[in-house]
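Peer 1: here is a sequence with its predicted model. Questions after.
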Amino acid sequence: MTKFLSAAFLLLFASVSAQVQTEIQAPYNIRTIMFNQSSGQNTIPIFLLNDSFTLQFDDLYGNEANYYYQIVHCDYDWQPSNLVKSEYLSGFDDLRIQTYTNSFNTLQIYSHYMVSFPNRQTQLRLSGNYMLKILNEDRDVVFSRKFILYEDLVSVPLQVKRARTIDMMPHMHNMDFSIKSQAIVFQNPLKNVKVMLMQNGRFDNAIINVKPQYTIGNDLIYKYDKETQFYGGNEFLYFENKDVRAAAYNVAKIDSNGSLYNAYLFPSEARTDKAYTYYPDQNGNFIPMVVNRDNPAVEADYVWVYFSLSAPSYFGKNDIYVNGMFNNFQHTPEFKLEYDEASKLYKKAILIKQGFTNFQYEIADKNGKIDSANAIDGNFWQTESNYFVMVYYRENNSRYDRVIGKGAASSTDITN
């Protein structure tokens, strides 16, 4: 009987753990996945409940394939919530994306898809974590992306400070924040209130499961020494290739050998042992652009971008990847640098849409775990980054985790 119960428990645990929603990275033909709002530029997928937003992407096959979308409401830990779909969604999902346009006057053909929320068929009713899945005609998931809808029910004063420990003070940022509300009287806040801390809107290195350190009346205070720290990193590198007729902004040369244009970037050097140098960046973002055209969504071309990195001291250690928002910070073979023995450089060619692109070189092991402590470009407290605090709350006897507020701050205002 004991063995039977143990086996049943393990089976149950496996089935529950398998439900955790993780982002499925896009295949080779799906490019330039971006959320945006009124500006038309890529944005971090954190939206106020009932605000409108759009998902866009390109399909390099350019054959006007049919794609469908599904939406899953998730709890704080990204497991599907206990809600039935009609509770968090008015209307329907699993519908075909009807807005798409073929590229115009480009060497690389592609179909550009766009779906907006809310729309006539789909309206989201509740705040929380969501997973948006894009499926093909066979109802196989092609890729998926996380996004968050929040309510403005609490204020979250947030201050970015240097690390509190002497050894980490030059390298890390610490989040000091509190949660205040006149709209909600928190029930059992040590258990019912949860937070997620994000650096530049990344989900993959978010800090979770941090409880309030103090409670003063209805105010929750977080003033930890280590639990709320991020490595500062360095400013993102960038290039701009909105004009393929001339090399500019970190592009060494452009040629047209082959069917598409090729842009060769100037070689980068590992910056971990160099002094910090400030220059403005977009904190990993990208902006599709093309000169003398009206609509970069369908008129910007795709270009082979050749990256090269001089980092001889890292040879033979963990893998090095090129990433940024343009590829959702993913660590897949397509974006892994390869060491060229002849030039003593790490190199990679990646197909990227024309425009302005922030990128970084990042170390990760075979399981995708990021080695931030030994970052190729170092960790500096002066680095400018944007930080977010998402506040989750589940009342007693409630069946889902609401997102009741957001705090935001920049390390440009860092204090000791």
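Peer 2: The structure has been received and is ready for your questions. The shown structure was predicted, so the numbers you read here are calculated from the model rather than taken from an experiment. Numbers count the residues shown, from 1 in each chain.

Peer 1: can we go C-alpha only for contacts and neighbour counts from here?
Peer 2: OK.

Peer 1: so what's the closest residue to Y321 other than its chain neighbours up against?
Peer 2: Once flanking residues are discounted, Y321 sits nearest to K336: 4.4 Å by CA to CA, 6 or more residues apart in numbering. Contacts for K336 were tallied using CA atoms under 8 Å, 6 or more residues apart in numbering; they are 319-322, 348.

Peer 1: looking at the residues you listed, which is nearest R125?
Peer 2: V322 (37.4 Å; CA to CA).

Peer 1: give me the beta-bridge partners of the closest one?
Peer 2: Under DSSP bridges, the beta-bridge partners of V322 are Y361.

Peer 1: show me what contacts it?
Peer 2: 335-337, 359-362 are the contacts of V322 under CA under 8 Å, 6+ apart.

Peer 1: quick check: phi and psi at N328.
Peer 2: Per-residue torsions, N328: phi 60, psi 30 (degrees, to the nearest 10).

Peer 1: number of residues surrounding it?
Peer 2: By other CA atoms under 10 Å, the residues close to N328 number 20.

Peer 1: what about it, distance to D59?
Peer 2: 16 Å (CA to CA, to the nearest Å).

Peer 1: average pLDDT for stretch 278-296?
Peer 2: The average pLDDT within stretch 278-296 is 93.

Peer 1: now the end-to-end length of it.
Peer 2: Taking CA to CA, stretch 278-296 runs 30 Å from one end to the other.

Peer 1: so what's the gap between that stretch and the chain middle?
Peer 2: 17 Å (CA atoms, centre = their mean, to the nearest Å).

Peer 1: list the buried residues of that stretch.
Peer 2: Within stretch 278-296, the residues scored as buried using 16 or more other CA atoms under 10 Å are 281-290, 296.

Peer 1: swap in stretch 305-325?
Peer 2: 305-311, 319-325.

Peer 1: now, these that are in strands?
Peer 2: Using DSSP state E, the members of the buried residues of stretch 305-325 that fall in strands are 305-310, 319-323.

Peer 1: run through the helices of the chain in chain order.
Peer 2: Secondary structure of the chain (DSSP state H): helices at 2-17, 85-88, 189-192, 296-299.

Peer 1: now what about the last one, what contacts it?
Peer 2: This means helix 296-299. 101-106, 111-112, 288-290, 293.

Peer 1: looking at strand pairing, list the partners for F388.
Peer 2: With DSSP bridges as the criterion, F388 is bridged to M198, A408.

Peer 1: L124 now?
Peer 2: Going by DSSP bridges, L124 forms beta bridges with L89.

Peer 1: again, but for the one 4 residues further on
Peer 2: Assessed by DSSP bridges, G128 has beta-bridge partners L149.

Peer 1: circling back: need the contacts of helix 296-299 in JSON lines (columns: distance to R394).
Peer 2: Listed next are those as JSON lines, based on distance: CA to CA, whole Å:
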{"residue": "T101", "distance to R394": "42"}
{"residue": "N102", "distance to R394": "45"}
{"residue": "S103", "distance to R394": "46"}
{"residue": "F104", "distance to R394": "49"}
{"residue": "N105", "distance to R394": "52"}
{"residue": "T106", "distance to R394": "50"}
{"residue": "S111", "distance to R394": "42"}
{"residue": "H112", "distance to R394": "39"}
{"residue": "P288", "distance to R394": "39"}
{"residue": "M289", "distance to R394": "43"}
{"residue": "V290", "distance to R394": "46"}
{"residue": "R293", "distance to R394": "49"}
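
Peer 1: could you single out the nearest of those to V244?
Peer 2: V290 (8.9 Å).

Peer 1: touching, the closest one and K353? I think so.
Peer 2: No. V290 is beyond contact range of K353, at 9.4 Å (criterion: CA atoms under 8 Å).

Peer 1: can you check which residues contact both of the two?
Peer 2: Joint contacts of V290 and K353 (CA under 8 Å, 6+ apart) are 300-301.

Peer 1: where do the strands sit along the stretch 201-350 of the chain?
Peer 2: 207-208, 214-216, 219-222, 229-231, 237-240, 251-255, 262-265, 268-269, 286-288, 302-310, 319-323, 338-340, 345-353 (DSSP state E, counting those that start in this stretch).

Peer 1: next, format those as JSON lines and append distance to N379.
Peer 2: Putting those into JSON lines (distance: least, CA to CA, whole Å) gives the following:
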{"stretch": "strand 207-208", "distance to N379": "18"}
{"stretch": "strand 214-216", "distance to N379": "30"}
{"stretch": "strand 219-222", "distance to N379": "24"}
{"stretch": "strand 229-231", "distance to N379": "6"}
{"stretch": "strand 237-240", "distance to N379": "14"}
{"stretch": "strand 251-255", "distance to N379": "25"}
{"stretch": "strand 262-265", "distance to N379": "23"}
{"stretch": "strand 268-269", "distance to N379": "15"}
{"stretch": "strand 286-288", "distance to N379": "22"}
{"stretch": "strand 302-310", "distance to N379": "18"}
{"stretch": "strand 319-323", "distance to N379": "16"}
{"stretch": "strand 338-340", "distance to N379": "24"}
{"stretch": "strand 345-353", "distance to N379": "21"}
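
Peer 1: most packed of those strands?
Peer 2: strand 286-288 (a mean of 24; mean count of other CA atoms under 10 Å).

Peer 1: just to revisit the earlier point, for the contacts of V322, which one is nearest E227?
Peer 2: Out of the contacts of V322, the member with the shortest distance to E227 (by CA to CA) is E362, at 22.6 Å.

Peer 1: list the contacts of that closest one.
Peer 2: Applying CA under 8 Å, 6+ apart, the residues near E362 are 320-323, 370-372, 375-376.

Peer 1: looking at the residues you listed, which is nearest N174?
Peer 2: S372 (15.0 Å).

Peer 1: tell me how this structure divides into domains.
Peer 2: Per automatic domain parsing, the domain ranges recorded for the chain read 21-150, 158-232+382-413, 237-374.

Peer 1: chain center to the last one: distance?
Peer 2: The gap between where domain 237-374 is centred and where its chain is centred comes out at 17 Å by CA atoms, centre = their mean.

Peer 1: what's the span of it, first residue to last?
Peer 2: 18 Å.

Peer 1: one more: stretch 287-294?
Peer 2: Start-to-end, stretch 287-294 (CA to CA) is 14 Å.

Peer 1: do the same with stretch 131-144
Peer 2: Distance between the two ends of stretch 131-144: 7 Å, counting by CA to CA.

Peer 1: then stretch 114-126?
Peer 2: Taking CA to CA, the first and last residues of stretch 114-126 lie 23 Å apart.
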